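J.: the following block contains a protein sequence and its predicted model.
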Amino acid sequence: MIAEYTSGFGIWEWVMVIFSIIALLLIIPFAIFDSLKSKSLSTSQKFLWIIFILIAPYLGAVVYLFWGRKQKAL
């Protein structure tokens, strides 16, 4: 019965699924909490970053971690 559902998945597909879940559980919450505690971002900038991270989770978190953390408040 289980083989019917996993017949198209090999070991590398499962590795990618597990990697995606780990990224979802670790990187995205880290980016949200880091944006909240950032002293260099204004309240509106924090709000916009969190909305971006929630709308496009993987892209938003990666963009924030590489670019948003270095951003200075205007």
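T.: Sure thing, it's come through.
J.: is Ala61 in contact with Ile53, as I believe?
T.: Yes. Assessed by CB atoms under 8 Å, Ala61 is found in contact with Ile53 at 5.4 Å. To be clear about C-beta, it is placed using only N, CA and C from the backbone, and glycine gets the same treatment.
J.: now do the shared contacts for those two.
T.: The contact sets of Ala61 and Ile53 overlap at 28, 31 (CB atoms under 8 Å, 6 or more residues apart in numbering).
J.: distance of the one residue sitting closest to the centre of the chain relative to Trp12?
T.: Computing the C-alpha centroid of the chain and ranking residues by CA atoms, centre = their mean puts Ile28 first, at 3.0 Å. Distance, Ile28 to Trp12, by CB to CB, to the nearest Å: 23 Å.
J.: go on, Phe19?
T.: Using CB to CB, Phe19 is found at 10 Å from Trp12.
J.: how far does the biggest helix by length in the chain sit from the chain's center?
T.: Secondary structure assigned by DSSP state H gives helix 11-37 as the longest helix of the chain. Computed by CA atoms, centre = their mean, to the nearest Å, the chain-centroid distance of helix 11-37 equals 6 Å.
J.: and what of stretch 24-42?
T.: With CA atoms, centre = their mean, you get 10 Å for stretch 24-42.
J.: so which bits of it are buried?
T.: If you call a residue buried by 16 or more other CB atoms under 10 Å, then stretch 24-42 has these buried ones: 27-28, 31-32, 34-35, 38, 41.
J.: look at Leu24 and report its pLDDT.
T.: Leu24 carries a pLDDT value of 84.
J.: just Ile28 next, same as before
T.: So, for Ile28, pLDDT stands at 91.
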